[in-house]
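> Pasted the sequence and its predicted model underneath.
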Amino acid sequence: MDPSHTLGSGSYFRVRQGFRIVGEGVNKPTGPFYNVGQMPRISEAVRDERRQQFIQGAWRCAARKGYRDTTVDDVCAETGLSKGAFYGYFDSKQALLLALLEEDADEVDSVLDGLDAKEVGSAERLRQFTRAMLAQGEDPAHVQVRADLWTAMMTEQAVRARFAEVVQRRRERLRSWIENGIANGELEEIPANAFASLLLALTDGLLLHGGLDASGFRWANIRKALGILLTGVVRK
């Protein structure tokens with residue numbers, strides 16, 4: 001008998017270099033390029049990079065056609081990645097929308113943290129915050145996503161709940177600035193929480209209106225009007 005054969009359960013098994021027998025008559029690859037029973041893994045850095053590719057691709061698609069009309073196929077075509085890869089990171093288009101919301105929230109949190117670190121008065125912090133928020137109006141992707149976000153909040157509880165958390169966090173930060181300004185005599189005695197809510201509603205509402213009618217107003221004039229509004233609460 002050929003020594004390269006062994007007998008098992010009445011059948012011959014051929015033993016070849018680079019293979020191992022895992023069942024009768026079945027050859028499975030082994031060796032340095034195979035790890036039997038395990039799928040190849042990619043590093044967390046590569047996973048994060050690919051996920052970010054989908055997010056950035058979604059922003060670009062939203063800028064061109066709006067997020068509502070953007071499909072998963074559109075995002076995959078934009079990134080050059082497969083649909084299977086997409087669902088490895090997001091289980092639905094709604095999950096992708098939440099990821100865009102998270103990224104937007106992180107950007108705003110960075111603005112807030114940067115303003116907290118500056119040695120400026122409360123009024124100037126509020127002024128710079130509103131300018132940063134209004135600057136999003138010049139980015140068509142942000143305008144479209146924000147408009148679609150408001151639409152999604154009417155029907156999707158997960159989106160509404162997450163956006164409510166983000167707004168509450170921003171309101172608390174603005175309220176603390178206003179309260180500090182009142183305490184040190186820089187700002188007039190105004191309801192801090194109400195004024196914080198007013199500033200957030202103005203910036204969010206203006207982005208929504210900008211998405212509905214881009215020619216309805218000029219952002220430069222909006223910035224000027226809000227500057228006058230903020231000047232009005234500064235104690236003379």
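Perfect, thanks for sending it. Residues are numbered from 1 along each chain as shown.
> nearest spatial neighbour of R131, skipping sequence neighbours?
Among residues not flanking R131 along the chain, R223 sits closest, at 6.2 Å (Cβ to Cβ, 6 or more residues apart in numbering). Quick note: C-beta positions are derived from backbone N, CA and C, even for glycine.
> which secondary structure elements does the longest helix along the chain contact?
The longest helix of the chain (DSSP state H) is helix 157-183. If you count contacts as 3 or more Cβ pairs under 8 Å, 6 or more residues apart in numbering; DSSP states H and E, helix 157-183 packs onto helix 93-117, helix 122-135, helix 140-153, helix 192-212.
> re earlier: and the residue nearest to R131, how many neighbours?
Other residues near R223 come to 15 when the count uses other Cβ atoms under 10 Å.
> do the same with D213
Going by other Cβ under 10 Å, the residues that sit close to D213 add up to 8.
> coming back round to it: buried set for the particular helix or strand that has the residue nearest to R131 in it?
Taking DSSP states H and E as the criterion, R223 maps to helix 219-231. For helix 219-231, burial by neighbour count (16 or more other Cβ atoms under 10 Å) applies to 222, 226, 229-230.
> Report the distance from it to the chain centre.
From the chain centre to the centre of helix 219-231 is a distance of 28 Å (Cα atoms, centre = their mean, to the nearest Å).
> now do stretch 103-111
Put simply, stretch 103-111 sits 9 Å off its chain's centre (Cα atoms, centre = their mean).
> cool, and stretch 72-92?
Per Cα atoms, centre = their mean, the centroid offset for stretch 72-92 relative to its chain is 15 Å.
> buried stuff in stretch 75-91?
Applying 16+ other Cβ under 10 Å to stretch 75-91 flags 75-76, 78-79, 81, 86, 89-90 as buried.
> Mind splitting the protein into its structural domains?
For the chain, the structural domains run 1-41, 42-91, 97-231, going by automatic domain parsing.
> Stretch 191-201: which residues count as buried?
So for stretch 191-201, counting by 16+ other Cβ under 10 Å, buried means 192, 195-197, 199-200.
> if we can go back for a sec, can you say which of the helices and strands packed on helix 157-183 is packed in most?
Among these, the stretch with the highest mean neighbour count (mean count of other Cβ atoms under 10 Å) is helix 140-153, at a mean of 21.
> Show me what that helix packs onto, helices and strands only.
Contacts defined by 3+ Cβ pairs under 8 Å, 6+ apart place helix 140-153 against helix 44-65, helix 93-117, helix 157-183, helix 192-212.
> Need those in JSON lines (columns: distance to R235).
As requested, those are exported to JSON lines (distance: least, Cβ to Cβ, whole Å):
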{"stretch": "helix 44-65", "distance to R235": "41"}
{"stretch": "helix 93-117", "distance to R235": "20"}
{"stretch": "helix 157-183", "distance to R235": "9"}
{"stretch": "helix 192-212", "distance to R235": "14"}
